[in-house]
Structure formats: C-alpha cells, structure tokens
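Novice: what follows is a predicted structure for the sequence shown.
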Amino acid sequence: MSSWKPLILSFALGALPLSQAHAGNWGENWGTLVWSAAGGGITVPAAPTITSIEPTIGGLTVFFTSGGDGGADITEFTVTCGGVSASGSSSPITVDGLDGNTDVSCSVTATNSQGTSTASASQSAAALAIPRLNLIIIKAAKDAQDAAQQNQ
C-alpha cells in the first residue's frame, strides 16, 4: 500500500516574482509559490529533561519533562539507568533491577512517529539496597545448633 501526503500550497505576496514556467500566466510580481508535503515540518522530539530521581529498593524512579514533541505525538519515553531500561507514556518511570548503593547514570529519550530524541542530560543516583535477612538467618542457625546440642 502506498502512502501519500496532500500537497500544501501557500503564497507569499510581494515576494520574488514567479517565472512563467512556475506561474503559468499569473504574471510577474504576483507572489512566490511555496509548497511542502503535509507533515514536512515534523521531526523527532526534543530531548526530555530529568527533574528529579527518587531511589526505591532495587530501583530508581525518574521524573522528567518533555522537551517538545517535534510536531507529532510522543508514543513512548524510555529511561535508562546503568544499562537497565524501562518505558512508559509519561513521567515518572521506574527502572527496577538495579544494585543497591551503587551510583548509576540515568537518561531519558522520547519517541514519536519520526524517531527517537537524543538522550537527556544524565543524572546519577543510587538505588536503595535490598534489605538483608542476615540476622534472621543467624538466629535460625543458632537455634538449630542449640537444638542439635540438646539432642546429643
């Protein structure tokens, strides 16, 4: 299936004269014919801006603002932190699966029908460490050891 775009014509009066080849018999000094394909001004979105990052257990929640849609609706934002990505349709987006207490660099891109923006300026943050169950395990081991000694 072929795709087509309607032709948009506009006239700038008082501009450079049209040649007879382009103007037919409109005459000189009438105006300049300007044309473009519909949607010709649509571009990839501008880079988003990270406004803040909040740590979660094993992840980071990134808040951001759009940098502009480039003339077409943004279909997806992608946040990448330390090589791990998550996508969504608006701010904020949470990236899970990160090591706790380790700084990672985060950035955001926006995607529309024309492509993906450049990445936002990056910001660094660290996810919270997953709570360890060391004390519970140590207590359970001690209780098991005590029980074994009593049975001897």
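Specialist: That came through fine. The structure presented is a predicted model; accordingly, all values stated were derived computationally and were not measured. Numbers count the residues shown, from 1 in each chain.
Novice: next, the contact list for G59, please.
Specialist: 94-98, 127 (CB atoms under 8 Å, 6 or more residues apart in numbering). (Each C-beta comes from the backbone N, C-alpha and C, glycine too.)
Novice: mind doing that once more with 10 Å?
Specialist: For G59, the contact set (CB atoms under 10 Å, 6 or more residues apart in numbering) comprises 81, 84, 86, 94-98, 100, 127-128.
Novice: quick check: bridge partners of it?
Specialist: T56, D96 (DSSP bridges).
Novice: quick one: the helices in the protein?
Specialist: For the chain, the helices defined by DSSP state H occupy 20-23, 134-150.
Novice: re the thing from before, nearest to S107 among the contacts of G59?
Specialist: Nearest to S107 among these, counting by CB to CB, is C81 at 8.1 Å.
Novice: count of residues packed around that closest one?
Specialist: By the criterion of other CB atoms under 10 Å, C81 has 27 neighbours.
Novice: surely it is in contact with G58?
Specialist: No - judged on CB atoms under 10 Å, C81 makes no contact with G58 at a distance of 11.5 Å.
Novice: please name the nearest non-neighbouring residue to G41.
Specialist: G71 (5.7 Å; CB to CB, 6 or more residues apart in numbering).
Novice: hmm, back to that, out of the contacts of G59, which sit inside strands?
Specialist: 81, 84, 86, 94-96 (DSSP state E).
Novice: select only the buried ones of the residues you listed in PyMOL?
Specialist: Buried members of the ones in strands among the contacts of G59, defined by 16 or more other CB atoms under 10 Å, are picked up in PyMOL with:
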select buried, resi 81+84+86+95
